[in-house]
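**Student:** Turn this into a structure:
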Amino acid sequence: MGQAAPAAADGTQQMDEIIVTGFRASLASALQTKRNANEIIESITAEDMGKFPDQNIAESLQRLSGVQIDRDNGQGTKVRIRGLDQNVTLLNDEIFLTGLEVFTLGEGQNRNTDSLEGVPSELLGGVDVYKSPNAKLLEGGLGGIINLKTRNPLALDEGITAAGNVRMAKSGGADGGWKPLGAVAVGYNWGDKAALIGTFSYDKQNTQSDVLGGQNRGNWRFAERGDKATVKTNYYAPEYRYATDRDQTRERIGGSLSGAIVLNDSLELSGDWFHSESDILTSEASLKFPFTVESPGLDTTKPYTIDSNGVLINGTLIANSAEAISYVQNSSVDADNFGMKLKYDGGGNFRGTLRGAYATAELHSDSASNDVRYTKYSVPTADPTSPTGYSHQAANPAAPANYLFTYDNGNGKLPSFALASTPDLYTNPAYGYFKSHWVFGDRADLENYSLRADGEYDPEFIAAGNVHLSTGYRFASRDVDYVRGRYLADYSGKGELDGTKFGQKWTPYGYFQDGGIGFKSCELPKGTPGIPAQCDNRFGNSPPLITPFQTFTGGSGRVETINNFFSSGNVAGGKILVQDRSQMKDGQAWIQGLYPSTPFAFYAEPLESFRVKEKTHSGYLMADIGDAGDGYHINVGARLIHTKLTVYQNRATDPDPVYLGTDSWNGVLRDSETIANERSYTDILPSLNMVFDLDEGQKVRFAASRVVARQNLFDLGRGFRVDFTRNPTTNLFEATNGSSGNPDLDPFRASQFDLGYEYYFGRQGLVSLVGFWKEVDSFIGTETKPEFVMDQAGGRNTPIQRPINGEGGRVRGFELGAQYAFDWGVGFNVNYTYSDSKSPIFNDFDKGLPIPGVSKHAFNGQVYYEYEGLEARLSYTWRTKSFAGNFGFGDGAVNRTLGIWNRAYGQLDAQLGYQVTEQIGVTLEGINLTKEDQSQYLQYKNLPFSYGSGSRRLMAGVRFKL
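**Tutor:** Got it, this is the predicted structure:
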C-alpha cells in the first residue's frame, strides 16, 4: 500500500520491521522497501550488522535493475543508472565526499572521478537508488540518486551487539599472496533511550593487469605518416602503442560512529561520523612501440596487410628508438563525513527535523617516471677533438641504432608485438641507459557543509483526504581546490643562467632530467656574460648540464628484471630490464637521490590547477495524498534551487609568458593571474509520483519530474594544457595536442517520465516492468579545433579539445525484472534493461551518437540457495557495447575525429557460506571468476584503442556475531 509520507528519504529510518539474518532475508527487506516506497526505487539491505551482500558497494549495486557499473583494475567504481553517470551520492540524505572526486591516474590524467571503491560496505546498513525523485530529495542526479544509509543504533537489541568478519583475500597481484581483511561492528543500546554503533574495517589487495594504450600522447597519423611515400594505402598509426604491466596495491581503512539519544517523548538527537582512508600504489612498466615520429613506418621489404578501413592488420615496423617507462604513483585519500539531526515528533499534526552536515576530504598524490633507452642515445661527452671540447656521443655505445618489430592485430582487441631484430634488446644490460626522469603531483582539498530544516504537517481541515504537507529549506556550500604541480630542479647552482635577466622568457629550472638536454644558456648570443665557455648549442656539442649519466652497467643497483612481463604473452620474450620501481615510491626522495647536488621542489602548474566554489539555497513544497488502506498515493511538489558558482582558473599574464623552467614543456608557468568566473542560475524542479493499487498484489506507478546534475569539475576548471613531443630530426619539442576546460558549462538538465507495473506474489515474488523516457536539454560535448600554440620550433596549429554546451539528447527504454524465493531454499533475481539513447555528439563517421556510457542492453541475474545454514550464490552481469566519446588528432592540415567504443562486458561472481553455529559462519567468495577483460576500439572493431586484463579475486574467512 502507499505510504503517508516520503519516509524513504530519511536515511536512517526503517520502512518496515524485518528481522534480517541472511541474504534471503535482506532481499525480503529490500523488496518490502520497494513495495512501500512512493517513488521508483531499488534497494539493498545489509544481511546483518557489519555484513553486506558484497565486499564492494558498487558490486552490490550492479545487481539492481537498471544499474550498471564501471570498473578499474577489477574494482567496481562508478555507478551508472540507466547508463548515465551524472548521478549524486548521498550519505543519510546529504552529499557524500569520498576524496576520489578528483582522483586521476597517470600523466594523461585518466580520471576515476566519483568512484565508490573507497566506501567500506561493512559500515553501511543499506543503499537506496532513486530513479524518480520527490521534492524533498537533494538535487544533483541526472540518472538518479544513490543514498547510502548507516544503521539506526536504536534498532539494535537492548544491551551489547557485536559482529564482524576476518578473511584472507587473493587478487592475482604481483606477489600472488593472500592478504588479510576484516571488519568489526559493536553496538550498545541502553534500553531504547540511547544507543551507539562503532565500526572498523580493513582491506588490502594487490592486482596485476596487462594494459594496452594508444592514446597516451595523441599524436596519431593517417595520411601524413613517415612511410607515405612507400606505403600508398593510408592507415591509422598511433605515435606509440604502450604495452604496460601494471601492479596496483589498494589499502583501505574505514570507520564509523553513529549515536542516537531520545531526549524526551518528542525529541530524538542522532549523529554520524564516517571516516575512510585509501592508499593506492600503482607501479607500471611499459614498453613503447613507435609507429610515428620515432618510426619511419613499415618496412616494405617485409609483408604487411592493411584492410579497406585503413586498419593495419600486420606488418614489420622500423623503429629509431626502443624505450620503456617505469611509472609509480603513490596516492593517499582521507575523507570524513559528519552529520547531526534533531528530530521532533510529538504525536501531533506537526513533525520536523533540523540537520547539519560537514564533510572534508584530502588527496595527496606523487608520480615518478623514468624512461630507459635500449637503442643508442647521445649525451654531451668530453671530446678533445671537438672545438668546444665536447661532442654528442652515445652513452650506451654497444646498443643498436635502431631495430625492427612485428605487429599483429590479432582479433582487434589485444595486438601482439615481437622483436624482428636484436632479440636481446630488452635484456642485455650493455644496451640500457637511464634516459629521462621526472616527478609530478596532485593535491586536492574538498569541503562541503550544509544546514537544513524540514517540516511535515497534517492539516485537519482536509484530514479526510489523508493529505500531508511538507516543506523545507537548505543552505549548502561546496569548495574544491585542486592543484597539479611538478617537481623542478634548480640549475642555478650548476651554472645555468636566469634568462629573464637577458630579456628571455625562461629561468634556470627544469622538469625533465635528461642527459641529452644541455644548457639553455647556450642559446644566448655569444659573449653573453656567464654562459658556458664551450657552448655550441643546447642539443649539440656543449657541456653537460644534467649529470650524472647512468647506464644499466654503471647503475646496476637501479635495474629491475621483470621475468613475466605482460603475462598475456602478447609481447614475445616476456622479460625486460627497467628502472627498479620499488625505489620510486617516494618520488621526490628518488629523484633528489639521483641528482644530490641539484635541489628539487614542488611548484604548482597554474594552467592545470583550479578551484570551484558553489553555494546553493534550496527550498521545497510537497504534498502527499493517500495513506495505507486508501489504495493510492500521490506525491506532488517542487524544489527551487538558486546556485552561485565561481570557477577560479589561471591564465598567463602575457601572450609570451615567463616560465619557471627552461621551456614551456620543461617547467611551469611563472607569471599567471587568477580569473574568477562567477555565474548564478535558478532551477525549478517539479515532481510527481503516483502509486495505484490494482489489488493486494498489483501496483501501477507513474512519475514525472525535472532533474538537474552538476557539471564535471575538470570540465569546468582545468586550464590550457598542451602536450609536446620532441622531433628526432630537429631535437626541438613541438606541440602535438592540447585540452582546456570551460567555466561557462551549464548543468545537465532533463525532464523525465516513468510508467511502471509491479506484481507481488507468493514468497518474495515480484514481476515488474518500467518504461522510462528522459529528455536532456543540453549535453556536454567536445569540440576539437586547431589553435596556434607557441613551442620550441616557433609554434604551429595544434588540435585543442574543449568541452562545450551541446544540443539536447534523450534516453528511453524499459526495465524488466523478476524475483522469487522458493520454500525449499532456492531463489532467483533477474532483470533486463533496454536503453536507447541519442546525443548531439558527432565525429567524422557518425552523428547523433549514443550518450557516452549507455549500453543498449544490460542483464543481471542471480541464483541463490539458503537452507539450514548453507548459503550459495551465483551472479552474472552483462552489458553490450557503449560509446565512450571521441578521439581527435591532427593529421597534417586535417583534423580527424573518430569514436571510441567500449566492448561488451560480462562478469561471473560466486559466494558460498555455512553457518556453523548461531555465532560463527565460514565464507568463500569469488569475483570475476572467468577473469574477463575490458577493452575499447577506435571506430572499427579491429582497431584496438585500449585494453585491460581482468583478474580474479578470492576471499575466504570467518564471520561472527555475539
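**Student:** could you say what helices and strands the longest helix seen in the chain packs with?
**Tutor:** Taking DSSP state H as the assignment, the helix of the chain that covers the most residues is helix 23-36. The elements that helix 23-36 packs onto, with contact taken as 3 or more Cβ pairs under 8 Å, 6 or more residues apart in numbering; DSSP states H and E, are strand 41-45, strand 126-130, strand 748-761, strand 809-821, strand 826-838, strand 857-867. All C-beta spots, glycine's among them, are computed from the backbone N, C-alpha and C.
**Student:** mind redoing it with 7 Å?
**Tutor:** In terms of contacts (3 or more Cβ pairs under 7 Å, 6 or more residues apart in numbering; DSSP states H and E), helix 23-36 is packed against strand 41-45, strand 857-867.
**Student:** Could you pull up phi and psi at the residue lying farthest from the centre of the chain?
**Tutor:** For the chain, the largest distance from the centre (Cα atoms, centre = their mean) belongs to residue 385, which lies 55.5 Å off. Backbone torsions for residue 385, taken as degrees, to the nearest 10, come to phi -80, psi -10.
**Student:** just residue 265 next, same as before
**Tutor:** With angles defined as degrees, to the nearest 10, residue 265 shows backbone torsions of phi -70, psi -10.
**Student:** Not counting sequence-adjacent ones, nearest residue to it?
**Tutor:** On the basis of Cβ to Cβ, 6 or more residues apart in numbering, the spatially nearest residue to residue 265 that is not a chain neighbour turns out to be residue 346, at 7.3 Å.
**Student:** Around that neighbour, count how many other residues there are.
**Tutor:** The burial count assigned to residue 346 is 12, neighbours taken as other Cβ atoms under 10 Å.
**Student:** is it true that it touches residue 264?
**Tutor:** No - contact criterion Cβ atoms under 7 Å: residue 346 and residue 264 do not qualify, at 9.3 Å.
**Student:** Dump the longest helix of the chain to CSV, restricted to CA.
**Tutor:** Extracted C-alpha coordinates of helix 23-36, given in CSV (Å, rounded to 0.1, in the frame of the first residue of the first chain):
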residue,chain,number,x,y,z
PHE,A,23,20.9,-12.9,2.2
ARG,A,24,17.4,-14.2,1.6
ALA,A,25,16.0,-12.0,4.4
SER,A,26,18.0,-9.0,3.1
LEU,A,27,16.2,-9.4,-0.3
ALA,A,28,12.9,-9.6,1.5
SER,A,29,13.7,-6.3,3.3
ALA,A,30,14.7,-4.7,0.1
LEU,A,31,11.6,-5.9,-1.7
GLN,A,32,9.4,-4.5,1.1
THR,A,33,11.2,-1.2,0.8
LYS,A,34,10.5,-1.1,-2.9
ARG,A,35,6.8,-2.1,-2.4
ASN,A,36,6.2,0.5,0.2
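**Student:** tell me the secondary structure for residue 59?
**Tutor:** helix (DSSP: H, G, I helix; E, B strand; the rest coil).
**Student:** show me what contacts it?
**Tutor:** Listed by Cβ atoms under 7 Å, 6 or more residues apart in numbering, the contact partners of residue 59 are residue 76.
**Student:** Over to residue 699?
**Tutor:** If you count contacts by Cβ under 7 Å, 6+ apart, residue 699 has them with 691, 692, 693, 758.
**Student:** just residue 290 next, same as before
**Tutor:** 239, 240, 319, 321.
**Student:** May I see those residues arranged in JSON lines, with neighbour count as well?
**Tutor:** Formatted as JSON lines, these follow (neighbours: other Cβ atoms under 10 Å):
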{"residue": "239", "neighbour count": "24"}
{"residue": "240", "neighbour count": "26"}
{"residue": "319", "neighbour count": "22"}
{"residue": "321", "neighbour count": "21"}
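**Student:** which one of the residues you listed is nearest residue 594?
**Tutor:** residue 321 (21.6 Å; Cβ to Cβ).
**Student:** Pull up the gap between the closest one and residue 295, please.
**Tutor:** When distance is defined by Cβ to Cβ, to the nearest Å, residue 321 is 8 Å away from residue 295.
**Student:** And for residue 604?
**Tutor:** For residue 604, the distance to residue 295 (Cβ to Cβ) stands at 36 Å.
**Student:** Between those two, which is the more surrounded one?
**Tutor:** Each of residue 604 and residue 295 has its neighbours counted (other Cβ under 10 Å); residue 295 has more, 23 against 18.
**Student:** OK, contacts around that one?
**Tutor:** Listed by Cβ under 7 Å, 6+ apart, the contact partners of residue 295 are 226, 317, 318, 319, 320.
**Student:** any idea which of those is closest to residue 796?
**Tutor:** Using Cβ to Cβ, residue 226 comes nearest to residue 796 of the contacts of residue 295, at 17.6 Å.
**Student:** burial measure for the residue lying closest to residue 750 once chain neighbours are set aside, as a count.
**Tutor:** Nearest residue to residue 750, sequence neighbours excluded (Cβ to Cβ, 6+ apart): residue 776, at 4.4 Å. Counted with other Cβ under 10 Å, the neighbours of residue 776 add up to 26.
**Student:** For residue 776, list each beta-bridge partner.
**Tutor:** Here residue 776 shows beta-bridge partners residue 750, residue 809, assigned using DSSP bridges.
**Student:** I'd like the contacts of residue 290 laid out as a markdown table, including pLDDT.
**Tutor:** A markdown table is the format used below for the contacts of residue 290 (pLDDT from 0 to 100):
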| residue | pLDDT |
| --- | --- |
| 239 | 92 |
| 240 | 93 |
| 319 | 97 |
| 321 | 95 |
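**Student:** how close does residue 555 get to residue 431?
**Tutor:** For residue 555 relative to residue 431 (Cβ to Cβ), the value is 14 Å.
**Student:** And these two? Which one has more around it.
**Tutor:** The neighbour comparison of residue 555 against residue 431 (other Cβ under 10 Å) goes to residue 431, with 25 against 17.
**Student:** so which helix or strand takes in the more buried one?
**Tutor:** Remark: residue 431 resides in no helix or strand, with elements defined by DSSP states H and E.
**Student:** hang on, it packs against residue 397?
**Tutor:** No - here residue 431 lies out of contact with residue 397, judged by Cβ under 7 Å, at a distance of 9.9 Å.
**Student:** gap between the two ends of stretch 597-611?
**Tutor:** For stretch 597-611, the first-to-last residue distance is 35 Å (Cα to Cα, to the nearest Å).
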